[in-house]
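Participant: Show me the folded form of this:
(chains A and B)
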Protein chains: 2
Amino acid sequence: MKINTKHLFENFKSYENKEITINGWIKTIRSSNQFGFIEINDGTNFKNVQVVVEKDSIDNYEEVTKFHASSGIEVNGILVLTPDMKQDFEIKATKVSLLADSDGSYPLQKKRHSFEYLREIAHLRPRGNSFNAVFRLRSLISFAIHEFFQTRDFVYVNTPLITASDCEGAGEMFQVTTLDMKNPPLNEEDSIDYTKDFFGAETYLTVSGQLQAEAYALAFKNVYTFGPTFRAENSNTPRHAAEFWMVEPEIAFADLNDDMDLAEDLMKYVINYALEKAGNEIEFFNKFVDKGLVERLKGIVNSTFKRISYTEAIEILEKADVEFEYPVKWGLDLQTEHERYLTEKHFGAPVFVTDYPKEIKAFYMRMNDDNKTVAAVDLLVPGVGEIIGGSQREERYDVLVSRMEELGMNSGSMDWYLDLRKYGGVKHAGFGLGFERLIMYLSGMKNIRDVIPFPRTVNNAKF
Amino acid sequence: MKINTKHLFENFKSYENKEITINGWIKTIRSSNQFGFIEINDGTNFKNVQVVVEKDSIDNYEEVTKFHASSGIEVNGILVLTPDMKQDFEIKATKVSLLADSDGSYPLQKKRHSFEYLREIAHLRPRGNSFNAVFRLRSLISFAIHEFFQTRDFVYVNTPLITASDCEGAGEMFQVTTLDMKNPPLNEEDSIDYTKDFFGAETYLTVSGQLQAEAYALAFKNVYTFGPTFRAENSNTPRHAAEFWMVEPEIAFADLNDDMDLAEDLMKYVINYALEKAGNEIEFFNKFVDKGLVERLKGIVNSTFKRISYTEAIEILEKADVEFEYPVKWGLDLQTEHERYLTEKHFGAPVFVTDYPKEIKAFYMRMNDDNKTVAAVDLLVPGVGEIIGGSQREERYDVLVSRMEELGMNSGSMDWYLDLRKYGGVKHAGFGLGFERLIMYLSGMKNIRDVIPFPRTVNNAKF
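Facilitator: Purely as a prediction, here's the structure:
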């Protein structure tokens, strides 16, 4: 019977002195004339299994000790408890078979490589410790997010990736086309004739599923999206990618306070999940990537998130004894340096900032009674700054229409969105959580390219 | 305390004769001078809650009885058990407040609409019974799939959507660009200068995450993708969409039999999940959409899937006493009519067909010893035909290279894929499950447009 090593680590005592079979890839191998140690990993568990090979116990000792790192092997052997050693158990091999060889050119030998170098071999990097930990964490946290929402009766909705709407307003968009780029069809006005394109219209990759999620929240009460979104921004920073995943819950019969409660619950849930289900990985990050990680994460779980208005935030920043690079003034957006001052220095805790000036926020956010600010919210966390952005949505038909007119928006293609305000358009709210930023936050990794399997950024769509 | 109606349906006995508050949208309302009934639904549960309003019990009876369907209301009242009625309980209202009104123009009044008409109002259709059932089922089955893989220690991997590779070979692709379509930059050869495009290369929307998933399977053993994929095929059929979701597991240290075992387990798991967790919805489909549904689904769970080779399938079809439209001959691909004959008429059960001629399958499939067929597999199910396609992958470096040369493929951009065969490239296999086809199968819905919230098809990217 072949056993996943994850199962073995969880149940090793029940296999004491039993014969077992495991598969895996060789991580390290060292040997003398008489015996050797092979660390193997089958990918199901962060920690390796130690296999002891002895010249007298297997019939191909000479061959085995020449295997290269990354070869795939099958090991039969007896599990022996080793309570006095670093590891809890080891396997005394009775048979070792080569399943797939490797050679000396394997780029991930024992020595440590820079994250930059490893990006060049994105197809191999998940085999190394750091990226093995990152991408298992990413998988576990994806599931934690689904579990969080599903156990609260949220409906998962797959909003469209290709959109003919340019109203989302969250950034530059990629065009999607099947037209011949060299000789596109033209119409009578000598413009490109998009009626001949695949969808009969000019189409783009979405920057957010929110507007469509609103339609579903007004049918299912509580919904969430979790899927890819795109930005064609030419910004070559450690925090921006052209393709990334976003979580966007949308809740009906709910206001901005409900929205913040949900965001706080979600953040605490995923942090607890990471600490519980990815203990080995978090420990590794804490040791090798970000020494304050565990303390910071545990601090968040035990804190109550602060809630202040944008106006209060500006007052705090104006009084701060710090030289900011960017100006602080009511009406201007907060920069990362301001956000980090608030959450790291002033509060030392996550902080929700609400009620931003309408001029710096999107058209769909609910107008406050002061007619100057909207019911927006950003969640700022230590070490990152903004990690969540949300709002209560403008549910009043007339207010929304006049706001769109004010902004010169053509409402024609948005009739469906306005419909939602006509037919039982109860108050509702939602937010967007950048999934990669969350993984950066949970792992301490500093570059978004290192938390996406195959990152897409300016001038890079390799693999 | 406001209660989700899902919670109420699950725990109504514990609320007997207690005062509760619920929110919801009015589905139907009928009244006399003295009392009336309002069916409301808050979206968390398929079934409506019946509210009884009496003129003497609420102070705005005249107003309430004029509310339009789809208005959002809040109801305070006493929960009363009604064991002799169709429903288990009802709410005797003590207060009814209007949260958001509606009017007589609401398009989803009581009468039944055609699915075609409802597609035109895709932003409102999830409020009706059929689509409410479809999209809650879709959400539950999404989670079932994640749960299936996560509890088996599979790692979820997000493969890229934008790709510079044209080797996937599964169909026509959409181009992704930020170039000015009207005046694209040209190079010296008068071709479009894609070094000036966002990614510095010609890029497309992916048709499959398989190749990248293979890289991750060779690090984590068992992985799966679950995300959007795209086909720019101009086929206006009830089974094809330009944007759809696909589940692609990839397993290492595994062959085609392991692959089929996994597919069979997955199918049975999700069917059981649907029957258990979406009982009301499945019952609705069985009554109004597809009367044989429950019987068919239960039949699948209790059956052992048949396994035959393509060559055996051809023999069966040649002997069949049926006039097929398309020819049956060794070397030709099976058409839907053939697939359905095999699974519906001949076996009356799901059937795996394996080992297809290499000419009709993809370059990465493992060559069999006969050098004529490859280790491919399709799963055919009654009512649908092909629902899963997979294969064992060619893990032998030399065989893969010569196969690619045979097909005239430029291997340069595929070096990373070949690398996987150099460094511990153990045997591995995987398959693709079209998520929408699965939902069609589980619901009996006949058009893919009716199981995607906002479908994208030829000439349609509305909403």
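
Participant: so how far is residue B:456 from residue A:184?
Facilitator: 21 Å (Cβ to Cβ, to the nearest Å). Every residue, glycine included, has its C-beta placed from N, CA and C.

Participant: more crowded one of those two?
Facilitator: residue B:456 (25 against 17; other Cβ atoms under 10 Å in any protein chain shown).

Participant: Identify the residues contacting the more buried one.
Facilitator: By Cβ atoms under 8 Å, 6 or more residues apart in numbering or on different chains, the contact list for residue B:456 reads A:160, A:162, A:199, B:241-243.

Participant: Filter those residues down to the buried ones.
Facilitator: A:160, A:162, A:199, B:241-243 (16 or more other Cβ atoms under 10 Å in any protein chain shown).

Participant: who's in contact with the residue located most distally from the centre of chain A?
Facilitator: The C-alpha centroid of chain A is most remote from residue A:56, which lies 49.3 Å away (Cα atoms, centre = their mean). Applying Cβ under 8 Å, 6+ apart to residue A:56 gives the contacts residue A:34.

Participant: and the closest residue to chain B within the stretch 251-400 of chain A, how many neighbours?
Facilitator: Going by Cβ to the nearest Cβ, chain B is nearest to residue A:253 of the stretch 251-400 of chain A, at 4.4 Å. Using other Cβ under 10 Å, residue A:253 has 25 neighbouring residues.

Participant: so which helix or strand takes in the residue farthest from the centre of chain A?
Facilitator: Using DSSP states H and E, residue A:56 sits in no helix or strand.

Participant: phi, psi of it?
Facilitator: With angles defined as degrees, to the nearest 10, residue A:56 sits at phi -80, psi -10.

Participant: Tell me, what's the model's pLDDT at it?
Facilitator: Model confidence at residue A:56, given as pLDDT, is 94.

Participant: what about it, distance to residue B:235?
Facilitator: 65 Å.

Participant: So the residue of the stretch 251-400 of chain A closest to chain B sits against residue A:429, correct?
Facilitator: No. Contact criterion Cβ atoms under 8 Å: residue A:253 and residue A:429 do not qualify, at 9.9 Å.

Participant: quick revisit: from chain B, how far out is the residue farthest from the centre of chain A?
Facilitator: 27 Å (Cβ to the nearest Cβ, to the nearest Å).

Participant: returning to what we had before: can you name the residues that contact the residue of the stretch 251-400 of chain A closest to chain B?
Facilitator: A:221, A:426-428, B:2, B:23, B:42, B:72, B:99.

Participant: same thing with residue A:140?
Facilitator: Counting by Cβ under 8 Å, 6+ apart, residue A:140 has contacts A:273-274, A:277-278, B:150.

Participant: Compute the inter-axis angle for whichever helix or strand it is part of and helix B:129-150.
Facilitator: Using DSSP H and E, residue A:140 sits in helix A:129-150. If you take axes from the mean of the first three to the mean of the last three Cα atoms, to 10 degrees, helix A:129-150 sits at 150 degrees to helix B:129-150.

Participant: And chain B, is whichever helix or strand comes after helix A:129-150 touching that?
Facilitator: The first helix or strand that comes after helix A:129-150 along the chain, using DSSP H and E, is strand A:155-156. Yes. Strand A:155-156 lies within reach of chain B by Cβ under 8 Å from any Cβ of the partner chain, at A:155-156.

Participant: all helices of the stretch 301-450 of chain A, in order?
Facilitator: For the stretch 301-450 of chain A, applying DSSP state H, counting those that start in this stretch gives helices covering A:310-319, A:336-340, A:397-406, A:415-422, A:435-443.

Participant: which residues are in contact with the shortest one?
Facilitator: Just to be clear, that refers to helix A:336-340. With Cβ under 8 Å, 6+ apart, helix A:336-340 has contacts from A:313, A:317, A:324-326, A:328, A:353, A:378, A:380, A:382, A:385-386.

Participant: Please type out the PyMOL selection for whichever of those turn out to be buried.
Facilitator: Provided next is the PyMOL selection string for whichever of those are buried by 16+ other Cβ under 10 Å:
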select buried, chain A and resi 313+317+328+353+378+380+382+385+386
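
Participant: Would you mind putting the contacts of helix A:336-340 into JSON lines with pLDDT and distance to residue B:36 alongside?
Facilitator: Listed next are these as JSON lines, based on pLDDT from 0 to 100; distance: Cβ to Cβ, whole Å:
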{"residue": "A:313", "pLDDT": "98", "distance to residue B:36": "50"}
{"residue": "A:317", "pLDDT": "97", "distance to residue B:36": "56"}
{"residue": "A:324", "pLDDT": "96", "distance to residue B:36": "62"}
{"residue": "A:325", "pLDDT": "96", "distance to residue B:36": "64"}
{"residue": "A:326", "pLDDT": "96", "distance to residue B:36": "60"}
{"residue": "A:328", "pLDDT": "97", "distance to residue B:36": "58"}
{"residue": "A:353", "pLDDT": "98", "distance to residue B:36": "46"}
{"residue": "A:378", "pLDDT": "98", "distance to residue B:36": "45"}
{"residue": "A:380", "pLDDT": "96", "distance to residue B:36": "50"}
{"residue": "A:382", "pLDDT": "87", "distance to residue B:36": "55"}
{"residue": "A:385", "pLDDT": "87", "distance to residue B:36": "54"}
{"residue": "A:386", "pLDDT": "92", "distance to residue B:36": "49"}
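
Participant: Residue B:156: which of the contacts of helix A:336-340 is nearest?
Facilitator: Checking these against residue B:156 with Cβ to Cβ, the nearest one is residue A:386 at 25.7 Å.

Participant: which non-adjacent residue is nearest that closest one?
Facilitator: With sequence-adjacent residues excluded and distances taken as Cβ to Cβ, 6 or more residues apart in numbering or on different chains, residue A:386 is closest to residue A:378, at 5.0 Å.

Participant: now the contacts of residue A:253: which count as buried?
Facilitator: Neighbour-count burial (16+ other Cβ under 10 Å) is assigned, among those, to A:221, A:426-428, B:23, B:42, B:72, B:99.

Participant: Would you point out the most distant pair within those residues?
Facilitator: A:427 and B:42 (13.8 Å).

Participant: Skip ahead from the strand or helix carrying residue A:228 and say which helix or strand is next.
Facilitator: Taking DSSP H and E as the definition, one finds residue A:228 inside strand A:222-230. Scanning forward in sequence from strand A:222-230 by DSSP H and E, the next helix or strand is strand A:243-252.
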